[in-house]
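prediction below, plus the sequence it came from.
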Number of protein chains: 2
Amino acid sequence: MAGSNVEAVVNIITEAVRNGRLVPGTRLVEADYTQGLGYSRSTVREAFQRLISSGLLAFERHRGVSVCKLTRKQAIDVYRVRATLEGLAARLATPAAHEKAQQFIELQERLDAAVAKSDLSLFSKLNTEFHSMIADAADNDYLLQAIKRFETSIFWLQFRVLVGQNAVFTTNDDHQEIVRAFVAGDAAAAEAAMVRHILKASDLVQDLDDDYFQSD
Amino acid sequence: MAGSNVEAVVNIITEAVRNGRLVPGTRLVEADYTQGLGYSRSTVREAFQRLISSGLLAFERHRGVSVCKLTRKQAIDVYRVRATLEGLAARLATPAAHEKAQQFIELQERLDAAVAKSDLSLFSKLNTEFHSMIADAADNDYLLQAIKRFETSIFWLQFRVLVGQNAVFTTNDDHQEIVRAFVAGDAAAAEAAMVRHILKASDLVQDLDDDYFQSD
DNA sequence: ACTGACAACTTTGTCAGACAACATTGCACG
DNA sequence: CGTGCAATGTTGTCTGACAAAGTTGTCAGT
C-alpha cells in the first residue's frame, strides 16, 4: 500500500469489478468517487485514465467511463487469446512446477475440498490462485501482466459460468490433467491441457444469456 | 483526430517513442510538456497515466515517468510472448489471408524493393505493415491490442537490430515462408513460421550492446 | 581532496475552484 | 404524439495553490 492515491483508487475499482460489486456496463460518475472515496477529481480522473488503457473501463467522450462490457464475439476473442497465453505459461512453468509439484497437488486437494463443500466463492478464489501460481512459475513478467489483464476483463463471465452450471467438476478434472503433466515434467502436455481447459470454459461462456453481453 | 486533448498528447508521445525521438530511459518532466505542447498539467498528467498502464512509460513515485527501458531478460520475455501472440494471429489469419493472398504478395514485393534500395526506414515501415496486416486479418480485437502493446515496447530494439546487421535478408526470407503458408492455406505452417521468425529476431536482440538495456 | 550534513531548488502529488462543451431529461408547444 | 427547447448534470480542460519528496549545491571538518 506504499503507492500513491491514484493507485489506491485503481485498486479499489479493480477489486470492485472483480468481486462483482461493479457489474459490466455500469457507468462510473466522477462525483460518486470523489465524494465516496474522499479523493479529489484529479486523482479519480487519473485513476480512470489508467483503467481505460488497461482495458477494464470503456471510455466515451463526454459520457465518461463505464465498466467494459464485452459482446459475445469479444468474449470469445478474449478467451482465444487467453487460452494461448495461459498455454504458454503452462509450458514455460513446467520445469519450475515439476520441482515444486507438491504445492500444486496440495492446491488441487483444496480445490477438491471446496467442490465437496459446494463452496463456490472459495472455489473461485482457489481457481484464480491455481492459474496465477502457474503464471508466476513461468517467470515472465509480461506474460503475467497480459494474463492478468485479460483475466480481469472476463472474471465476471467466468464467475457466471461457475454459478448454475456444474462446470466445477470438469474444471477440476482439467486441473488434474495439468498437474499430472507437471509431475511428469511434460511441458507440451501441460500446454495442451491448459489450452483445452480454457477453450472448454470459452464454450460455456458462449452459451450464457444475452444479458451478460453487450448487444452488438 | 476527433479525440480529446489527452488522446492527442498520448499520440504525440507514442509517436515520439516509436520514431526514436524519445529514447528508452528518458525522463519526461511534466513542465516540458505543458509548456512545449501548450496543454495544462491535468491533461499532460492524464496522458501520462494512460501511457503508464499501457506499458510505454515507467513510473516511480515522486520521480515521475520515463520511457520504459527493458532489461535484457525483460526484452527476451516480451519476445516470447510476442512470438506466441503473432503466431496465433498468423494461424487465425490464414483463412482470410488465403483469400486475399495477392495483397500479401504485393506487400512482399515492396519489401523486397526496399531491401534492394537499402531503404531501412521504408523497410521498417513496411515490415510493421506486414505484421499489422496479419493481425488485422486475424479479426480479433484483443489479440490486435496485445500485439500492438508489446510491439511498441520493443520497437526501439527492433529498429536497432535492423540497423547495422543484415537482418533484413533473413527477415525477408521469413516473410516469404509465411506468405507461402497463406497461399497454401496452411494455418499450422503459418503459425510455426511466424513463431520461428520472431524468435529469430529475439536472438538478434539478445546480442545487442548493453547500452540498449536497463542494467539489472 | 573527500565526506557528511544541511540548505536551496526542482519536481511531483494532491487539492480546490472555475467555466465551457456536450449529453440527458423533461416540459411545453404545435 | 412527436418535436424542439430549456434546465440540469457530467465531463473536459485550465489555473493556482501548497505539501512532500527528490536533487543539487555549499560548506565545515577531518
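Received it, and whenever you're ready, just let me know what you need.

for the most centrally placed residue in chain A, give me its contacts.
Among the residues of chain A, the one closest to the centroid is A:Glu151, at 2.6 Å (C-alpha atoms, centre = their mean). Taking C-beta atoms under 8 Å, 6 or more residues apart in numbering or on different chains, we find A:Glu151 in contact with A:82, A:128, A:131, A:158. C-beta here means a position set from N, CA and C on the backbone, and glycine is covered the same way.

doesn't A:Glu86 make contact with the third one?
Yes - when contacts are counted by C-beta atoms under 8 Å, A:His131 is listed as touching A:Glu86 (6.7 Å).

was I right to think A:Arg110 contacts A:Leu126?
Yes - under the criterion of C-beta under 8 Å, A:Arg110 is in contact with A:Leu126, at a separation of 5.6 Å.

joint contacts of the two?
When contacts are counted by C-beta under 8 Å, 6+ apart, A:Arg110 and A:Leu126 have no shared neighbour.

the more surrounded of those two?
Shown here are A:Arg110 and A:Leu126; by other C-beta atoms under 10 Å in any protein chain shown, A:Leu126 has more neighbours (21 against 15).

show the pLDDT at A:Gly3.
If you check A:Gly3, the pLDDT there is 74.

name the element it belongs to?
Assigned by DSSP states H and E, A:Gly3 falls within no helix or strand.

check A:Ile13 too.
If you go by DSSP H and E, A:Ile13 is part of helix A:5-18.

need the contact partners of that helix.
Residues outside helix A:5-18 that contact it (C-beta under 8 Å, 6+ apart) are A:1, A:22, A:24, A:28, A:33, A:37, A:39, A:43-44, A:46-47, A:50-51, A:56-57, A:67, A:152, A:155-156, B:49.

what subset of those residues is buried?
Buried by 16 or more other C-beta atoms under 10 Å in any protein chain shown: A:22, A:24, A:28, A:33, A:37, A:39, A:43-44, A:46-47, A:50-51, A:56-57, A:67, A:152, A:155-156, B:49, out of the contacts of helix A:5-18.

just the residues you listed: which are in strands?
Of the buried ones among the contacts of helix A:5-18, the ones assigned to strands by DSSP state E are A:28, A:57, A:67.

and the strands in chain A?
Counting by DSSP E, one finds strands in chain A at the ranges A:27-28, A:57-60, A:64-67.

neighbouring strands of the first one in the sheet, and parallel or not?
Strands that pair with strand A:27-28, judged by DSSP bridges, come out as strand A:64-67 (antiparallel).

report the distance from the strand it pairs with to the chain centre.
Distance of strand A:64-67 from its chain centroid, counting by C-alpha atoms, centre = their mean, to the nearest Å, is 20 Å.

buried stuff in it?
A:65-67.

just stretch A:97-113 next, same as before
A:97-98, A:101, A:104, A:107-108, A:111.

swap in stretch A:141-150?
Within stretch A:141-150, the residues that qualify as buried are A:142-147, A:149-150, counting by 16+ other C-beta under 10 Å.

so that stretch, near chain B or not?
Yes - counting by C-beta under 8 Å from any C-beta of the partner chain, contacts between stretch A:141-150 and chain B involve A:141-143, A:145-146, A:150.

got it, and stretch A:29-41?
No - Stretch A:29-41 stays clear of chain B (C-beta under 8 Å from any C-beta), getting no nearer than 9.1 Å.

remind me, longest helix of chain A?
Among the segments of chain A that qualify as a helix by DSSP state H, the longest is helix A:72-99.

can you list the domains in chain A?
A:5-67, A:72-212 (automatic domain parsing).

make JSON lines out of those domains and add distance to B:Ile76.
Output for the domains of chain A, formatted as JSON lines (distance: least, C-beta to C-beta, whole Å):
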{"stretch": "domain A:5-67", "distance to B:Ile76": "24"}
{"stretch": "domain A:72-212", "distance to B:Ile76": "9"}
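
tell me the gap between stretch A:29-40 and the middle of its chain.
27 Å.

ok, now stretch A:31-47?
Using C-alpha atoms, centre = their mean, the offset of stretch A:31-47 from its chain centre is 26 Å.

same deal with stretch A:89-105?
Taking the mean of its C-alpha atoms, stretch A:89-105 sits 20 Å from the chain's own mean (C-alpha atoms, centre = their mean).

one step back: contacts with DNA strand D among the buried ones among the contacts of helix A:5-18, please.
Among the buried ones among the contacts of helix A:5-18, the residues lying close to DNA strand D (C-beta under 7 Å from any atom of the strand) are A:Leu28.
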